[in-house]
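**Student:** sharing a model that was predicted from the sequence below.
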Amino acid sequence: MITKVKQYHELTSIKRERVLPVAGDVLVRRMQKVAPNDVIVVAPLAPEFILIDIAQGLRVSPSKADELLQRQAGEELVKGDIIAGPVGIFKRVVRAPQAGRVKIAGEGKVLFEVDAPAYELQAGMEGTVTNIIPERGAIIETRGALVQGIWGNGKITYGILQPVSSDLLQELVPEQLNIGFRGTIISAGFCRNPNVLETAGNIPIRGMILGSMSSALIPLAKSADFPIMLIDGFGNKPMNRAAESILIANKDKNIALNAQVYDPFQGNYPEVIITQLTKSDPDLPPTTDSLKTGKKVIIVNGLLASRIGKIEEILPQKRILPSGISTRVASVILSGEEVVEIPLTNLEIITE
């Protein structure tokens, strides 16, 4: 069975294709050094239109509203510019709600096109542009440590890594956060208290890496001003040991946190990249591999989620789970020589 490979590396080659789904203007050149927050390509967004009822706003008839229009189709306006009026004792006017332009005016109405900011795609990592994809983006490469997760709130940052403690298996509570973490990217075990995210935003921190988080906090995490990445998913699961050891070892180092939305079909994972200056040239890690005896795996679902072990055997016959589902399972040896049977669909290969 082919499965995804989750990457936990102290040192590996990293190659990322950063592209837009629509045509845009590429702002970088080949062999250029980039930082995570550097914009590499911009593209215009689809315009937004607002239909403004001038007659209703001025409390006049459509024909009278047309007489009171001060703008013509094609005129550029800033927010607050008068479109029509004044009229009446109180000198009523209709103003531009945002910066934009008049597209059509008449019959007591104005179709107003709002200026939409261009979409900017950031590099998401520190590295070198090795190839340009015309009108779409670039390929960026580097060498360093890599830790991938399975959920992100869609934001990117770059800063100093500060584990909250030397043990990332425990719950993160508000009392652990203080002014000393201002401007840093913190890492911790798991979070289930909404006050943690509020406190972190007030400090403010630059980013947060967690083993897991209560699913009830998803709306709050999505609206946070800083990136949040979950390595092992939702619930009260401690961070797995492989990720923990890499993050602890890189304390006080600059890291790129790209909490992009998890898209397994495109191979996009939220991830931490810690660029390292080295003369070695490690191979690029595989993105998929076959589950088989001897492979190191992480359990991604169930009561044992985030535990790491090694496949002892893939059982030849399907097993019926307590849920009634019949599926293939593997015998997995966990730490302490504990042996458990896990459905193959609940396993991902990890490389270190």
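**Tutor:** Received it, and whenever you're ready, just let me know what you need. The structure presented is a predicted model; accordingly, all values stated were derived computationally and were not measured.
**Student:** residue 100 - nearest residue in space that isn't next to it in sequence?
**Tutor:** Setting aside the residues directly before and after it, residue 100 is nearest to residue 114 in space (Cβ to Cβ, 6 or more residues apart in numbering), at 4.4 Å. Just so you know, the C-beta spots here come from the backbone N, C-alpha and C atoms, and that holds for glycine as well.
**Student:** surely the one you found meets residue 96?
**Tutor:** No: here residue 114 lies out of contact with residue 96, judged by Cβ atoms under 8 Å, at a distance of 9.3 Å.
**Student:** who has more neighbours out of the two?
**Tutor:** The residue with more neighbours, out of residue 114 and residue 96, is residue 96; 23 against 15, by other Cβ atoms under 10 Å.
**Student:** wait, what's in contact with the more buried one?
**Tutor:** Taking Cβ atoms under 8 Å, 6 or more residues apart in numbering, we find residue 96 in contact with 77-83, 112.
**Student:** ditto for residue 272
**Tutor:** The neighbours of residue 272, taking Cβ under 8 Å, 6+ apart as the test, are 145-149, 209, 229, 247, 255-258.
**Student:** among these, which are located in helices?
**Tutor:** Within the contacts of residue 272, membership in helices is found for residue 247, as judged by DSSP state H.
**Student:** mind putting the contacts of residue 272 into JSON lines with distance to residue 64?
**Tutor:** Rendered in JSON lines, the data for the contacts of residue 272 read as follows (distance: Cβ to Cβ, whole Å):
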{"residue": "145", "distance to residue 64": "69"}
{"residue": "146", "distance to residue 64": "67"}
{"residue": "147", "distance to residue 64": "66"}
{"residue": "148", "distance to residue 64": "63"}
{"residue": "149", "distance to residue 64": "61"}
{"residue": "209", "distance to residue 64": "61"}
{"residue": "229", "distance to residue 64": "58"}
{"residue": "247", "distance to residue 64": "68"}
{"residue": "255", "distance to residue 64": "63"}
{"residue": "256", "distance to residue 64": "59"}
{"residue": "257", "distance to residue 64": "58"}
{"residue": "258", "distance to residue 64": "56"}
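**Student:** of all the contacts of residue 272, which comes closest to residue 195?
**Tutor:** When the contacts of residue 272 are compared for distance to residue 195 (Cβ to Cβ), residue 209 wins out at 18.7 Å.
**Student:** could you pull up the residues touching the closest one?
**Tutor:** 147, 149, 185-188, 228-229, 231, 247, 257, 272.
**Student:** please save the CA atoms from stretch 325-345 in CSV.
**Tutor:** Provided in CSV are the C-alpha atoms of stretch 325-345 (Å, rounded to 0.1, in the frame of the first residue of the first chain):
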residue,chain,number,x,y,z
ILE,A,325,-15.3,-2.1,9.1
SER,A,326,-13.2,-4.8,7.5
THR,A,327,-9.7,-3.6,6.6
ARG,A,328,-6.0,-4.5,6.4
VAL,A,329,-3.9,-3.9,9.5
ALA,A,330,-0.2,-3.9,10.5
SER,A,331,1.5,-5.1,13.6
VAL,A,332,3.4,-2.1,14.9
ILE,A,333,6.1,-2.1,17.6
LEU,A,334,6.0,1.0,19.8
SER,A,335,8.5,2.2,22.3
GLY,A,336,8.9,-0.1,25.2
GLU,A,337,8.4,-3.1,22.8
GLU,A,338,4.6,-2.7,23.0
VAL,A,339,3.0,-4.3,19.9
VAL,A,340,-0.3,-3.0,18.6
GLU,A,341,-2.4,-3.7,15.5
ILE,A,342,-3.2,-0.5,13.5
PRO,A,343,-5.3,-0.1,10.3
LEU,A,344,-3.0,0.7,7.4
THR,A,345,-5.1,3.8,6.7
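**Student:** so where's the stretch 151-300 of the chain uncertain?
**Tutor:** When residues are selected by pLDDT under 70, those of the stretch 151-300 of the chain lie in 264-265, 279-280, 283, 286-288.
**Student:** that one: strands as residue ranges?
**Tutor:** Listed from the start of the chain, the stretch 151-300 of the chain has strands (DSSP state E, counting those that start in this stretch) covering 151-152, 155-163, 185-191, 207-213, 228-230, 254-259, 271-275, 288-290, 296-299.
**Student:** of all these, which one comes closest to residue 345?
**Tutor:** strand 296-299 (10.9 Å).
**Student:** ok, and what's touching that closest one?
**Tutor:** The contact list for strand 296-299 (Cβ under 8 Å, 6+ apart) reads 6, 232, 240, 242, 291, 305-311, 330, 332, 342, 346-352.
**Student:** need the contact list for residue 276.
**Tutor:** The contact partners of residue 276, by Cβ under 8 Å, 6+ apart, come to 11, 143-145.
**Student:** in strands, which of those appear?
**Tutor:** Residues from those lying in strands, with DSSP state E as the criterion: 11, 143-145.
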